[in-house]
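Undergrad: structure for this input, please:
(chains A and B)
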There are 2 protein chains.
Amino acid sequence: MSETSSSGPQRGTSSNVVWHGGEIARADRERRLGQRAGTVWFTGLSGSGKSTVAVELERRLAEAGRLCYRLDGDNLRHGLNGDLGFSEADRAENIRRTGEVCRLLVDAGVIVLASFVSPFRADRDQVRSLHDAADMPFSEVHVHVPLEVAEARDPKGLYAKARAGEISGFTGIDQPYEAPETPELRIDTSTHSVGEAAGLVEAYLQRSGWLGAGG
Amino acid sequence: MSETSSSGPQRGTSSNVVWHGGEIARADRERRLGQRAGTVWFTGLSGSGKSTVAVELERRLAEAGRLCYRLDGDNLRHGLNGDLGFSEADRAENIRRTGEVCRLLVDAGVIVLASFVSPFRADRDQVRSLHDAADMPFSEVHVHVPLEVAEARDPKGLYAKARAGEISGFTGIDQPYEAPETPELRIDTSTHSVGEAAGLVEAYLQRSGWLGAGG
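TA: Reported below is the predicted structural model:
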């Protein structure tokens, strides 16, 4: 079934064949999965609904038979990036590794749903460049809400702590959020429901050819 | 098709639902893919045939419809671990990140075929522990050949350089290789062909329930 099957090695004839030709490639995995792999990068304020929309999108795509994986602070900060703090250098390294992990997962054929506040344009552009260099799709989704809406939601109680001065460098309070200028999508979750927001991203991926036939 | 479909959110009813229940899990992805995800860790001397066997195994598994991904120095040292050298600390960090990347890929549902010389028992055990802690299968495959056979193959010309003193700390020459004491498999590629070696691993994975029905 793979393009490489006709170029396989002769088996059982030599004990020291060194054969690296016709290796299975991303395109083979994508064909097997019936999807185009790529990274959907959700960016926005804490409380904007990034992760909630990503979870709902994943559920819809999984029900349609797609293979997705969500990356966020929970599964990276506690593992791969667990050695990093929040200094300027560590923040840059955090985003670099995150981009590299996206690239590995996409190479494996997976649709990556990454949700990170990622307040700095340069960081997001760096992750985009990594994908461009590997000819991998990258779509930036700006999950937008007015600051006052995000702060009223405050699902983790972080805005309250930031206002009280208990945490510093909090995006939207004492650190800027650099909104994307030309994201592939911008969705306002103060006017769209979670289901509507996920539907908008799904429709975008469908239009863009990520979901293959029957998606 | 997923177990979570009955617990989805109500759509379009509220603009600020925060719903994280019923998230798609590894088990859902494994079911979708018809395989059990895990890491096959190939360890052995340079020239032992680790990568060659991994490539052939990947080809067979892909032809049987399995989703695999190969990790090796080529796709990690140039990307994620590109900032690391070969000091003691960097070597440890290299193996830590590699283990974490295995874990993310396995969580995504992928069968990881990792081939690294990984000469130190403690390092391999660390990667195994990471998998154990996440209840993920980990199988160590010791790809063995007598040193003189590996050195005679010398596919990258590295043994010659090590003997000439042009590179130091080369496993088998001026750095020890700590052979696994109880690997899941040990395969001698001086007496088995590449095809036979890949077949032995495939049979092991089949016996161990990684390949699902029809693998």
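Undergrad: can we go C-alpha only for contacts and neighbour counts from here?
TA: Fine.
Undergrad: for chain A, which segments count as strands?
TA: A:38-43, A:68-72, A:111-115, A:138-144, A:185-188 (DSSP state E).
Undergrad: so where's chain A uncertain?
TA: A:1-22, A:213-215 (pLDDT under 70).
Undergrad: how about a cut-off of 90?
TA: A:1-23, A:73-78, A:85-92, A:95, A:155, A:169, A:212-215 (pLDDT under 90).
Undergrad: check chain A for its longest helix and report it.
TA: Once chain A is assigned using DSSP state H, the helix that runs over the most residues is helix A:88-107.
Undergrad: A:Glu100: neighbouring residues, count only.
TA: Neighbourhood size, A:Glu100 [other Cα atoms under 10 Å in any protein chain shown]: 19.
Undergrad: phi and psi next, for A:Pro176.
TA: phi -70, psi 150 (degrees, to the nearest 10).
Undergrad: pretty sure it sits against A:Pro119.
TA: Yes: counting by Cα atoms under 8 Å, A:Pro176 touches A:Pro119, with 7.1 Å between them.
Undergrad: separation between A:Ile24 and A:Leu57?
TA: 29 Å (Cα to Cα, to the nearest Å).
Undergrad: how about A:Ala134?
TA: For A:Ala134, the distance to A:Leu57 - Cα to Cα - is 25 Å.
Undergrad: those two: who's more crowded?
TA: With neighbours defined as other Cα under 10 Å, A:Ala134 and A:Leu57 compare such that A:Leu57 has more, 22 against 11.
Undergrad: does the more buried one really touch A:Gly199, like I thought?
TA: Yes: in this structure A:Leu57 lies within contact range of A:Gly199 using Cα under 8 Å: 7.3 Å.
Undergrad: geometrically speaking, which residue is the centre of chain A?
TA: Nearest to the mean C-alpha position of chain A, by Cα atoms, centre = their mean, lies A:Ala114 at 2.4 Å.
Undergrad: what about the nearest residue to A:Asp174 once chain neighbours are set aside, how many residues nearby?
TA: Among residues not flanking A:Asp174 along the chain, A:Ser168 sits closest, at 6.8 Å (Cα to Cα, 6 or more residues apart in numbering or on different chains). Using other Cα under 10 Å, A:Ser168 is surrounded by 13 other residues.
Undergrad: settle this for me: A:Ser168 is touching A:Leu158, isn't it.
TA: No: in this structure A:Ser168 lies outside contact range of A:Leu158 using Cα under 8 Å: 10.2 Å.
Undergrad: in chain A, which spans are helices?
TA: All helices of chain A, identified by DSSP H, fall at A:26-33, A:50-63, A:73-77, A:88-107, A:121-133, A:147-153, A:158-163, A:194-207.
Undergrad: looking at these, spot the one closest to B:Thr189.
TA: helix A:26-33 (27.9 Å; Cα to Cα).
Undergrad: so what's the nearest residue to A:Gly99 once chain neighbours are set aside up against?
TA: Excluding its sequence neighbours, the residue lying closest to A:Gly99 (Cα to Cα, 6+ apart) is A:Val127, at 5.0 Å. By Cα atoms under 8 Å, 6 or more residues apart in numbering or on different chains, the residues touching A:Val127 are A:Ile95, A:Arg96, A:Gly99.
Undergrad: try it again with 10 Å
TA: A:Thr39, A:Trp41, A:Ile95, A:Arg96, A:Arg97, A:Thr98, A:Gly99, A:Glu100, A:Cys102, A:Arg103, A:Phe138 (Cα atoms under 10 Å, 6 or more residues apart in numbering or on different chains).
Undergrad: nearest to B:Ser87 among these?
TA: For the contacts of A:Val127, the nearest to B:Ser87 is A:Arg97 (20.1 Å; Cα to Cα).
Undergrad: neighbours of that closest one, how many?
TA: By the measure other Cα under 10 Å, the count of residues near A:Arg97 is 19.
Undergrad: excluding chain neighbours, what is closest to it?
TA: B:Leu80 (5.8 Å).
Undergrad: what about the one you found, distance to A:Gly172?
TA: Taken as Cα to Cα, the span from B:Leu80 to A:Gly172 is 30 Å.
Undergrad: how deep is the closest residue to A:Ala160 other than its chain neighbours tucked in, by neighbour count?
TA: Of all residues not flanking A:Ala160 in the chain, A:Asp154 sits nearest, at 7.6 Å (Cα to Cα, 6+ apart). Counted with other Cα under 10 Å, the neighbours of A:Asp154 add up to 15.
Undergrad: hang on, isn't A:Asp154 packed against A:Arg163?
TA: No: A:Asp154 is beyond contact range of A:Arg163, at 11.6 Å (criterion: Cα atoms under 10 Å).
Undergrad: residue contacts, A:Ser48?
TA: Per Cα under 10 Å, 6+ apart, neighbours of A:Ser48: A:117, A:142-147, A:149-151, A:153-155, A:187-190, B:16.
Undergrad: among those, name the buried ones.
TA: A:117, A:142-145, A:147, A:150-151, A:153, A:187-190, B:16 (16 or more other Cα atoms under 10 Å in any protein chain shown).
Undergrad: in stretch A:67-82, what's buried?
TA: Neighbour-count burial for stretch A:67-82 [16+ other Cα under 10 Å]: A:Leu67, A:Cys68, A:Tyr69, A:Arg70, A:Leu71, A:Asp72, A:Gly73, A:Leu76, A:Gly79, A:Leu80, A:Asn81.
Undergrad: the closest residue to A:Ile24 other than its chain neighbours: neighbour count?
TA: Closest residue to A:Ile24 apart from its sequence neighbours, by Cα to Cα, 6+ apart: B:Arg59 at 6.3 Å. Neighbour count of B:Arg59, defined by other Cα under 10 Å: 22.
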